[in-house]
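>>> Okay, here's the prediction I keep looking at, along with the sequence it came from:
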Amino acid sequence: MRSTAAWTDVHKIKSDSLSNICVQNCLIIPPIRVNMCYTQREQPYKKQTEVTTMKRENAFFEEMKRVGHAWDNERRAKLEQRREIEKTYGYCSEEYSNWLAENKDIPFPFTDGANKAYRAWAGSVQDELEILEFSDLLWDREVADFVDTLRKAGIKEFAYTGKSTALMENIHQLAAEGCTMTGLYTRIKKEFWGETEIQGIRFSVN
């Protein structure tokens, strides 16, 4: 039986086949990163007296994390149940067929757009950035949910640093969803092999 604690009605539901779910790609927990030092560069269009970072606490995104963990725990429990049935009764058994019929789909609790918004926030907090930084590609079906999730989380501004061939299309799609370009974004990322300049566009979330 599906645990009701793992689901919340503030999120859209996306179904996916159990056999096609990849834990590393679907989980909303960001990957472990090497600890690096970052510095913020003063923006020419915005006077800054000191470098500030985003708040580490965000109730909406923390709830997404909790729901994601609960979903993964349920998924793991069901997979273990399947392994036990396979071991005890075999693949051709009625028990195994019944399990497959009952557990054909385990819906992931968030859309891809919402998931990308969470990962952008989690990564930005981990890197202690000034504002939320997003560098991924947004597909057409993801843009509305991405922006809607930022609004629900109370995010007022973000930097888009993507370099995909769909960059211009994404900019227009973000504008269509109510986001406004407010200026340029630049920061210096210090890595073991030297410094890298990260460039992007600032957006306000209206």
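It's in.
>>> Going by C-alpha atoms from here, please, whenever you check contacts or count neighbours.
Noted.
>>> Just list whatever residues bridge to Gly194.
On the basis of DSSP bridges, Gly194 is bridged to Glu191.
>>> Okay, it and Gly200: tell me how far apart.
Distance of Gly194 to Gly200, computed by CA to CA, to the nearest Å: 20 Å.
>>> higher neighbour count, those two?
Gly200 (20 against 7; other CA atoms under 10 Å).
>>> what sits against the closest residue to the more buried one other than its chain neighbours?
Computed as CA to CA, 6 or more residues apart in numbering, the closest residue to Gly200 that is not its neighbour in sequence is Thr161, at 4.1 Å. Thr161 is in contact with 133-136, 198-201, counting by CA atoms under 8 Å, 6 or more residues apart in numbering.
>>> for those, which one is nearest Pro109?
Asp136 (20.5 Å; CA to CA).
>>> Helix or strand: which one has Ala114?
helix 112-126 (DSSP states H and E).
>>> Same question for Arg82.
helix 59-89.
>>> Next, the buried residues of that helix.
61, 64-65, 67-72, 74-75, 78, 82, 85 (16 or more other CA atoms under 10 Å).
>>> Pick the one among these closest to Gly183.
Phe61 (26.1 Å).
>>> who's in contact with Ala59?
Ala153.
>>> about what we covered before: if we take the buried residues of helix 59-89, which one ends up nearest to Arg187?
Using CA to CA, these come closest to Arg187 at Phe61, 24.5 Å.
>>> That closest one and Glu95, how far apart?
39 Å.
>>> Repeat that for Ala176.
51 Å.
>>> Those two: which has the busier surroundings?
Under the criterion of other CA under 10 Å, the comparison of Ala176 against Glu95 puts Glu95 first, with 16 against 12.
>>> The more buried one - that's part of a helix, no?
Yes - applying DSSP: H, G, I helix; E, B strand; the rest coil, one finds Glu95 inside a helix.
>>> wait, what's in contact with it?
Glu95 touches 85, 89, counting by CA under 8 Å, 6+ apart.
>>> In terms of pLDDT, where does it sit?
Looking at Glu95, its pLDDT reads 88.
>>> and what of the one 5 residues further on?
The predicted local confidence for Leu100 comes out at a pLDDT of 86.
>>> and if you look at Asn73?
On the pLDDT scale, Asn73 gets 92.
>>> now Thr53
pLDDT, Thr53: 56.
>>> now do Ile21
35.
>>> And for the one 4 residues further on?
At Asn25, the predicted lDDT confidence score is 38.
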